[in-house]
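Peer 1: fold the stuff below for me.
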Amino acid sequence: MASNVEFNKQYAMQNVRIAIRLDDEGNSVGAYRKYLECIEFMTHQLFLDATQYPDAHVTDSVQKYIALCRQCLDRVEDIAKSSPLAGNVKSEMGPQCQNSPSIDLSLGVVPNNQLTIWPLTSPTPRATKVLSPVELAQQQNDYLIARHRARIERMAPNNQTTANLSLSLQRRLMENMAIAKQRQLVLEKKKEERLKRLQEEADRRFRCHTGMSPDELARRKLYTEILEYEQDEKWLLELRKKVPEKCKDSSFIMDCVHGIICDSDHPLSHLLKTYQYHVGQRAYHVANMFASQKEANCFFDGKDNGCTFSTEKSQSISQSPGSDVKAADPTPKSSGNRTNESFCTKTASDQAISSLVAEVQSYLENLETMFVVTYEEFDDEEVRNIVRDLVEDYFFQPVWPHILALFRQSTYAKEQTMVEVMKCNRGLSPRDIGVSEKFCLCRNLSSDSVLSGLPPYNTVVQSFQSVVHITTPSKKLDQLVHSSQLICQCIDEFYSNLDSSSPQMGADEMLPVLSYIILKTEQPMLVGDCFALMEFIDESSLMGERGYCLTSVMTAMDFLLSLSSNSSLEMKP
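Peer 2: Sure, this is the predicted structure:
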């Protein structure tokens, strides 16, 4: 497997190019931060390699990384000396950019060139090697030889005792090795018998000996590894005995899956981490590739998103020893070519997303199947649903930011449109956006506050805002459904305080309310989240209430996106 330095070299070079570009444009604050980000990323990769490969030699790539870090650090020092940046970075950034790299802090959207995140590190080996009896005997013999030599050095030369000690040592070494070989033969025989028994159990479980597909063969091999691992883990043996009598207990099933996944040496846990690594790396590098293409298009379009290299500062880094960073080709392209390239990039992005979604679904299905194969009692629809939900929770937690970064490459333009719409219409009331008068939840026609003194549907807005922080698609969708149900609760509570019956809300009356709530969330990243949900949620789940809710939310978003930044949302119900 390639080292982290080799694997992420191109991404490091890409980030240095962005820093150089910001530096050339005179954006000292942006360049300062980007250089520091490059240094942090490259030193992190060097640290990972030093930890994972402690005996590896220092390669040319490592030396280039170190040289590039040093050059970035020199440039950081130059910027700090030439501007009042060192102790007052935030003051120069202004009120809109002090806490995070967002277009607008209250809207929480990340710029296109900052959608990338750290790559996942490769999973550690499943288990450490256990020394055989012969290897242990060899270690013991080495220790005896070392002690013998030290004792001989302390004795006088030509001492008759020396020869006797040497003969005694040789006899003891041979006895140790002979005993160890006998032990190893016994252990190997027991291991062969146990492996044969486990393979027979695997054959019985799969009920097929010939004509198996590659996937079935891989599952049978993994099942055999699981059975073999269980033989050395007492808690797993006890767990297997309890499964038949507690297979209908949801709490027991959750504890069982949780314990297996949290056991880092369990074959299923290692399989999960391997899948996570593959998906995270693929999403991470595909997202960075499309981000680089967009930056190149920006360069040829002459936009101000970091586009040109100045010859002096860029050459100070790109032409220095140990660096592969080169200045961009200033030759412009025709508008026709740019249009074709944009279309091709969009098509390639859609294909990459579809391929990634299919891969994730295949991995999740295989993990669920392996849990059912491992414990036959799990082959029940209700138990399968529990296992599937838990596996999704663990699977998506580390990889969802990487997956979402890829989706946001496709929805970034829509997110920017949503930012402008939210900025221009953030002060509107439900009545302004076209919500029916009976669902505005205002005390009187001249007020936009409910009886509690808070803005209308404030609880629903907060519930919608929490969606972007959830890392599992199914739970995101459940939160959207829960948030939509809160709308009716808010209406019931409002009219209950007025000692009046609540009006019934139809679909046409729900959409303006959803539009108002989405507008008040000030979370344009909901666009990317909902787009991802449409891809990951199973079609059967989209047929009922969950599908209706997601469709309604996306319809409300489409309405907001259809408005220009200068248009007003004021409508009549």
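
Peer 1: when you work out contacts or count neighbours from here on, use the C-alpha atoms and nothing else.
Peer 2: Will do.

Peer 1: and the one helix or strand Q140 maps to, what does it pack onto?
Peer 2: Assessed by DSSP states H and E, Q140 sits inside helix 133-154. Where contact means 3 or more Cα pairs under 8 Å, 6 or more residues apart in numbering; DSSP states H and E, helix 133-154 is packed against helix 160-206.

Peer 1: give me the angle between the helix it packs on and helix 133-154.
Peer 2: Here the directions of helix 160-206 and helix 133-154 differ by 160 degrees (axes from the mean of the first three to the mean of the last three Cα atoms, to 10 degrees).

Peer 1: one step back: may I have the helix holding Q140 as CSV, with CA atoms only?
Peer 2: What follows is helix 133-154, C-alpha atoms only, in CSV (Å, rounded to 0.1, in the frame of the first residue of the first chain):
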residue,chain,number,x,y,z
PRO,A,133,6.4,-22.2,20.3
VAL,A,134,9.5,-22.4,18.1
GLU,A,135,9.8,-18.6,17.9
LEU,A,136,9.4,-18.3,21.6
ALA,A,137,12.0,-21.0,22.2
GLN,A,138,14.4,-19.1,19.8
GLN,A,139,13.9,-15.9,21.8
GLN,A,140,14.6,-17.8,25.0
ASN,A,141,17.8,-19.3,23.5
ASP,A,142,19.0,-16.0,22.4
TYR,A,143,18.6,-14.7,25.9
LEU,A,144,20.6,-17.7,27.3
ILE,A,145,23.4,-17.2,24.8
ALA,A,146,23.7,-13.5,25.7
ARG,A,147,23.9,-14.4,29.4
HIS,A,148,26.5,-17.1,28.6
ARG,A,149,28.7,-14.7,26.7
ALA,A,150,28.5,-12.1,29.5
ARG,A,151,29.5,-14.8,32.0
ILE,A,152,32.4,-16.0,29.9
GLU,A,153,33.8,-12.5,29.5
ARG,A,154,34.0,-12.2,33.3
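
Peer 1: list the buried residues of it.
Peer 2: Judged by neighbour count (16 or more other Cα atoms under 10 Å), helix 133-154 contains these buried residues: P133, V134, A137, Q138, N141, I145, I152.

Peer 1: OK, contacts around the fifth one?
Peer 2: Residues touching N141, when contacts are defined by Cα atoms under 8 Å, 6 or more residues apart in numbering, comprise L173, N176.

Peer 1: host element of L68?
Peer 2: helix 60-82.

Peer 1: now that helix: average pLDDT?
Peer 2: Here helix 60-82 scores 85 as its mean pLDDT.

Peer 1: do stretch 412-431 as well
Peer 2: 87.

Peer 1: distance from the chain centre to it, please.
Peer 2: Relative to the chain's own centre, stretch 412-431 is displaced by 28 Å; criterion: Cα atoms, centre = their mean, to the nearest Å.

Peer 1: return the set of buried residues in it.
Peer 2: For stretch 412-431, by 16+ other Cα under 10 Å, it's 412, 414-425, 428-431.

Peer 1: can you put the buried residues of helix 133-154 in TSV and add distance to S515 and pLDDT?
Peer 2: Formatted as TSV, the buried residues of helix 133-154 follow (distance: Cα to Cα, whole Å; pLDDT from 0 to 100):
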residue	distance to S515	pLDDT
P133	71	81
V134	73	84
A137	74	84
Q138	74	86
N141	78	85
I145	81	85
I152	89	76
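
Peer 1: closest to I261 among these?
Peer 2: Within those, the smallest distance to I261 is 31.3 Å, found for P133 (Cα to Cα).

Peer 1: next, the contact list for the closest one, please.
Peer 2: Neighbouring residues of P133 by Cα under 8 Å, 6+ apart: A180, K181, R183, Q184.

Peer 1: for ChimeraX, write the select line for the buried members of those residues.
Peer 2: Buried residues among those (16+ other Cα under 10 Å), as a ChimeraX selection:
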select :180,181,184
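
Peer 1: look up how far P430 lies from M510.
Peer 2: To P430, M510 is 12 Å away according to Cα to Cα, to the nearest Å.
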